[in-house]
Structures are given as structure tokens and as C-alpha cells.
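K.L.:
predicted model, plus sequence, below.
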There are 2 protein chains.
Amino acid sequence: MPKIVDAEARRQEVVEAVFRIIASDGLERASLREVADEAALAVGSVRHYFASSDELLVHSFAVVIDRIAGRLEEAFAAVESLDPGSAEHHAAVLTLLGQFLPLDEELAVDACVWMAFRHAARIRLVLEQEAARSHRAVAAVVGRLVMRLMPDGGSGQERLVTEAERLLATLDGLCMHALLQPEWMTAEVCRDVLTAHLDSLVALPSNR
Amino acid sequence: MPKIVDAEARRQEVVEAVFRIIASDGLERASLREVADEAALAVGSVRHYFASSDELLVHSFAVVIDRIAGRLEEAFAAVESLDPGSAEHHAAVLTLLGQFLPLDEELAVDACVWMAFRHAARIRLVLEQEAARSHRAVAAVVGRLVMRLMPDGGSGQERLVTEAERLLATLDGLCMHALLQPEWMTAEVCRDVLTAHLDSLVALPSNR
DNA sequence: ACGGTTCAAGCACGTTTGTGCTAAAAAGAC
DNA sequence: GTCTTTTTAGCACAAACGTGCTTGAACCGT
């Protein structure tokens, strides 16, 4: 009966506009009017697909989380398919960890958006649930990776969570610096830091 | 001749109001009206001490940087006064690194404000200079610390910057998680992660 | 051809923001 | 007391925001 448009595709276009605005102008500029302009739509049209500004932002947050989590799962599967200790395995691990960093244009946008939403979620309670989901998803992958990488296979519950959190913190810190101080933080430094961290992960099982 | 008020003290009071607002409601709520209310002043009064909203924010950023840098220098002096390897030395290092984290109420406010400004500086060009100054100041202290802690005393320029950046990333990541996911990130986990990192710093000089 | 439903667009209202400007109040100097 | 300068307070305006609501346009099924 009605005019038929692929509603989900339209929503996705709007979300992409949100991403571009956040990456270039920050989350606070992601207003309905700005998003509508960026998506070449009218405000009323955007509001037809998203009941409110909050819903648009929450959904955008969810999309970026799913994108990142999807890449992580994919890269983790690659790691699992390789022999621990082999050079390919090491490269696959680096590839996995690189999914967190703004190493190319697409990753940079996602990293920007992800960071912006996570920090906004500290204040904006509507984003709280998605932020928790994001944290759980990422921590799960990193936890499984650490379990696989640690010499004793991750026996010692306490030690495992410490190392998982340590890797997670390093990743988020690297991502932050790459976004905020790109002139000081090259892709090469990122790789060196990650390699050094991986060395430390497999090299100090006994002390403490 | 005029009514005499300690202008610098008044400015400081206003800055404290800015800090409280950022910590509780985020940077985007730190408008002139909100700040004036929080400081129990009128908008015109705040504007008498700060020519514009930008100047107020830039100055607030500068103040929080100086506060953090001051604490770091103090804690670093304590580290320098102790024998490397001693238990007191290790404790002093942990105290130094703890200055980055929201371990008590005052540190939490500063960490909040610092994070907010650094992220805002990616977009708001008026904050760019202070952000760079902040990065230089902190990187200098961490660099000196790493030079002191590494087994070979930091010979090997490349290796040193990698380890400095690695420690810096871990610190910022820990700080971020402590601010954003306080329920998962306790002070104990922070301490464990930092201890593990320090172990890795002194324990892997030879490989690579 | 036409009716009904969805999509697109926009108006209008109340808030909030930064800022230019004005003006009253306060208090030491004379 | 009077003057001068700082301090405090506030008004007014344009801009931007989210949102309730209304109005055309588009289009599929009949």
C-alpha cells in the first residue's frame, strides 16, 4: 500500500552520517539538524526513522559496538586457527589487537565514535547499557586471547583478570593517544608497543 | 580607589566550580550560566574575570594540567631520593603512577576534568596548545621514570620511547577504565596491573 | 482511477547558549 | 561627603537545540 523504502538501509545511512559528524566535529555537534544536513535529509525525515535524538544516538552507539565486536570475533577466529608460537599466529594476534586502533580511515572513524560514546555514557544515562555491553564484549575477547597467550594457559583466575585488564588498558590508552596525539603516535610506535606488551605477556610467568 | 578583591583567588573559585560541573555533569554543561550558578555568582561577574567562555575553559584546562604536573614532579622527586630496588623505591614508584588514577575524591575530579579537556581538544582548537603542553609534561616525567627503571638505564633511544609510550598508554587506559567502568575497575586491580607492568619493565631487557 | 498508508518536509514553541552593552552597588582616595 | 574605579548584576539579541504537530508528496494494492 504505502511507499516502500528499505527502512533499515535508511537508518543505516543516517547512522553513517552520525559517525561522520562525530569523527569530524565531535559528539556534541551530532544534533538532529546537523545529522539531517549531513545525510541530505530534513529533520522531520530523520525523526521519522528515529523517534528522538536519544534513540538515534543509542542506536548509533549500538551499531559501532557491533561493528567493532564483529571485527574482533573475526580476527580472533583467525588467531584460533593458527599454531601458537608460529609467526603467522603472532601476526594474527597483532592484527586482532590492531582492530582497536585507528590504523586506517575506517578504523579511525569507528575508534573516534566509540571513544566519544563511551565517555558520553559516563554522564548520559541512556547510553549506560550499551557502554556496559561494549565493555563486556571487548573484555570477553581480550580475556580469551590472554588465556590463549599466557604460558600456563591462564590458570590462576586472579592473574588472568589482571593480565586481561592490563592488555585492555594498554589498547585503550594506545587508541586514545593515536586519536588525540596523532603527531606523536605513529602506527609504527603502536606496533612496537603491542609487540613489547606481548613479549611481556609470555615472558614473565614465574616472578611475583 | 576601587573595591579591592583578590582577583586571582576569585578566578580560582570559578575554576573550582568549573571542575565540579565537569566532574558531575560533563564538559558540555560547563556553560557560563551553570558555572556562575555553581560559584554562586552572576554571569556578568564571571565574565568580569574571564573575557569569554573560551578563556575560562582554557584557563581551567591549564590549572588542572599544572596541578597534575606538580603532583608528578613531587612524586618523582621522592622516587629519585630512594635506592632503586628497595621496597620504598617500589612503593614510591607506585605512588607516582597512582597520581594518574582516580584513587580518591580529589584525584578523581582532576582525572575527570583532565580527560574531558584532552578529548575536547581534539575538536576545539583553542584547547590544542594546552593539550600539547599537557602531553609533553607528562611524557617527560614518564620518560625520565622509565629511563630510571629500565635495566640498562635506557640505552637505546628507540627502545626507551617504546617503553615510555607503553607505560603512558597503560596509565591512560587504566585511568579511563577507572572513570568509565568503576564497578569493574577497583583500586586493587589498578595496583595489580601497575605492578605487573613494572615487573615486565625490569624483566625483559634482553629479548627482541 | 483511486484510496490509504508511508515517507518527506517544515513550522512553531519553549529552552539554552555566548556575548555586547548598560547600569547599579561598593569602597578606598581625597 | 564626593569622586573614581572596580566589582556585581542584569537585560537583550541572535543562534542552535529537541520536539509536538501539520501538511504535501509518493506510491502500492485494489
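P.N.:
Looks like it arrived, so ask away. Residues are numbered from 1 along each chain as shown, chains lettered A, B, ... in the order given.
K.L.:
what's the helix or strand for the closest residue to A:Leu149 other than its chain neighbours?
P.N.:
Nearest residue to A:Leu149, sequence neighbours excluded (Cβ to Cβ, 6 or more residues apart in numbering or on different chains): A:Leu201, at 5.4 Å. To be clear about C-beta, it is placed using only N, CA and C from the backbone, and glycine gets the same treatment. Under the criterion of DSSP states H and E, A:Leu201 resides in helix A:187-203.
K.L.:
ok, longest helix in chain A?
P.N.:
The longest helix of chain A (DSSP state H) is helix A:53-80.
K.L.:
report the buried residues of the helix holding A:Leu201.
P.N.:
By 16 or more other Cβ atoms under 10 Å in any protein chain shown, the buried positions in helix A:187-203 come out as A:189-198, A:200-201, A:203.
K.L.:
now these in a markdown table, with distance to DNA strand C?
P.N.:
Listed next are the buried residues of helix A:187-203 as a markdown table, based on distance: Cβ to the nearest atom of the strand, whole Å:
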| residue | distance to DNA strand C |
| --- | --- |
| A:Val189 | 36 |
| A:Cys190 | 36 |
| A:Arg191 | 41 |
| A:Asp192 | 41 |
| A:Val193 | 38 |
| A:Leu194 | 40 |
| A:Thr195 | 44 |
| A:Ala196 | 43 |
| A:His197 | 41 |
| A:Leu198 | 45 |
| A:Ser200 | 45 |
| A:Leu201 | 46 |
| A:Ala203 | 51 |
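K.L.:
from these, which one has the minimum pLDDT?
P.N.:
Lowest pLDDT of those: A:Ala203, 74.
K.L.:
residues contacting A:Val79?
P.N.:
Neighbour list for A:Val79: A:His89, A:Ala92, A:Val93, A:Leu96, A:Leu145, A:Arg148 [criterion: Cβ atoms under 8 Å, 6 or more residues apart in numbering or on different chains].
K.L.:
just checking, which of the residues you listed belong to strands?
P.N.:
Within the contacts of A:Val79, no residue falls in strands by DSSP state E.
K.L.:
if we can go back for a sec, can you pull the alpha-carbon coordinates of the helix holding A:Leu201 into CSV?
P.N.:
This file holds the C-alpha atoms of helix A:187-203, laid out as CSV (Å, rounded to 0.1, in the frame of the first residue of the first chain):
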residue,chain,number,x,y,z
ALA,A,187,51.4,3.2,13.5
GLU,A,188,55.0,2.1,14.0
VAL,A,189,55.0,3.1,17.7
CYS,A,190,51.7,1.3,18.1
ARG,A,191,53.1,-1.9,16.7
ASP,A,192,56.3,-1.7,18.8
VAL,A,193,54.3,-1.1,22.0
LEU,A,194,52.0,-4.0,21.2
THR,A,195,54.9,-6.3,20.5
ALA,A,196,56.6,-5.3,23.7
HIS,A,197,53.4,-6.0,25.6
LEU,A,198,53.0,-9.4,24.0
ASP,A,199,56.6,-10.2,24.9
SER,A,200,55.9,-9.3,28.5
LEU,A,201,52.8,-11.4,28.5
VAL,A,202,54.6,-14.6,27.6
ALA,A,203,57.9,-13.8,29.3
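K.L.:
against DNA strand C, how distant is A:Ala75?
P.N.:
Computed with Cβ to the nearest atom of the strand, to the nearest Å, the distance linking A:Ala75 and DNA strand C is 36 Å.
K.L.:
quick one: low-confidence residue ranges for chain A.
P.N.:
A:1-5, A:153-154, A:204-208 (pLDDT under 70).
K.L.:
between the buried residues of helix A:187-203, which is nearest A:Glu163?
P.N.:
A:Leu201 (6.4 Å; Cβ to Cβ).
K.L.:
in this structure that closest one contacts A:Leu167, no?
P.N.:
Yes - at 7.2 Å, A:Leu201 and A:Leu167 qualify as touching, with contact defined as Cβ atoms under 8 Å.
K.L.:
list the residues that contact both of those two?
P.N.:
Shared contacts of A:Leu201 and A:Leu167 (Cβ under 8 Å, 6+ apart): A:Val146.
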